[in-house]
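1. Generate coordinates for the sequence data below:
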Amino acid sequence: MRIGVVTFPGSLDDGDAARAARYSGAEVVRLWHADPELYGVDAVVLPGGFSYGDYLRCGAIARFAPVMETIAKGARDGLPVLGICNGFQILCEAHLLPGALTRNQHLHFRNRDQKLRIEAAATAWTNGFDSGQEIVIPVKNGEGCFVGSEELLDRLEANGQIVARYVGENPNGSMRDIAAIRNEAGNVVGIMPHPEHAIDLLTGPSVDGLTFFTSVLAHLAGAAQPVEEEVAA
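-> Numbers count the residues shown, from 1 in each chain. Coordinates of the predicted model:
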């Protein structure tokens, strides 16, 4: 299985994302923001960082990168896409995920190990977890506060589109403690904390993050439970 990792000007976690994908057993393909070609990858990761310097809004320029046009089309056709931190912001700006990420409510950058609870286990990127499972992965952001209208938040709740919530102290003020969401189909996931920094105990607080990457391999192999089955249950 081939996982593509995109590099934008200002990306700083693309190497870590590639390492995590490689640890999971995938072949890694490095993708460049100005090249629309995906080179036959089976899934895509949009990494953390400060794409295009985070001018305007975070992710607002990156959404117009040539590679994003191809990724957006692929995502609408079922291509698994994971947006991490800045990648989550890009997915929202590209309207592949609803809502928006804004400045942390306390106006401070947060960098710490964070406990999360997995709320939706039947996505392309979380099928290796159990619903309700608590994990620990790092969070590091200054604009990680997820916001949306009450109508949107109610819809995300009703559709099972909230993938993970913060447990304990909310690091950025995200509404309803939302740390990750998915699209309706379950192939696109945006997460503010960094699973790529928790793939081995030498460099991270846990190995919980690796499951995001092994999950997509299981999904691609057809071993994952369809999203519709979990929602119906």
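
2. can you map out the strands along this protein?
-> For the chain, the strands defined by DSSP state E occupy 2-7, 27-32, 43-46, 81-84, 100-102, 110-118, 134-141, 145-147, 162-166, 178-182, 188-191.

3. for the second one, packing partners?
-> The one in question is strand 27-32. Using 3 or more C-beta pairs under 8 Å, 6 or more residues apart in numbering; DSSP states H and E as the contact test, the elements touching strand 27-32 are strand 2-7, helix 14-24. Placement of C-beta: from N, CA and C, glycine included.

4. neighbouring contacts of it?
-> Here strand 27-32 makes contact (C-beta atoms under 8 Å, 6 or more residues apart in numbering) with 1-7, 14, 18, 21-22, 38-39, 41, 44, 67.

5. rerun at 10 Å
-> 1-8, 14-15, 17-22, 37-42, 44-46, 65-67, 70-71 (C-beta atoms under 10 Å, 6 or more residues apart in numbering).

6. about what we covered before: and among the helices and strands packed on strand 27-32, the most buried is which?
-> Counting by mean count of other C-beta atoms under 10 Å, strand 2-7 has the highest mean neighbour count of the helices and strands packed on strand 27-32, with a mean of 24.

7. Pairing partners for that strand, with directions?
-> Here strand 2-7 has these sheet partners by DSSP bridges: strand 27-32 (parallel), strand 43-46 (parallel).

8. roughly how far is the last one from the heart of the chain?
-> Once both centres are worked out by C-alpha atoms, centre = their mean, to the nearest Å, strand 43-46 turns out to sit 9 Å from its chain's centre.

9. Need the helices and strands packed on strand 27-32 in JSON lines (columns: mean pLDDT and distance to Leu156).
-> Shown next, in JSON lines, are those (pLDDT from 0 to 100; distance: least, C-beta to C-beta, whole Å):
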{"stretch": "strand 2-7", "mean pLDDT": "98", "distance to Leu156": "25"}
{"stretch": "helix 14-24", "mean pLDDT": "97", "distance to Leu156": "25"}
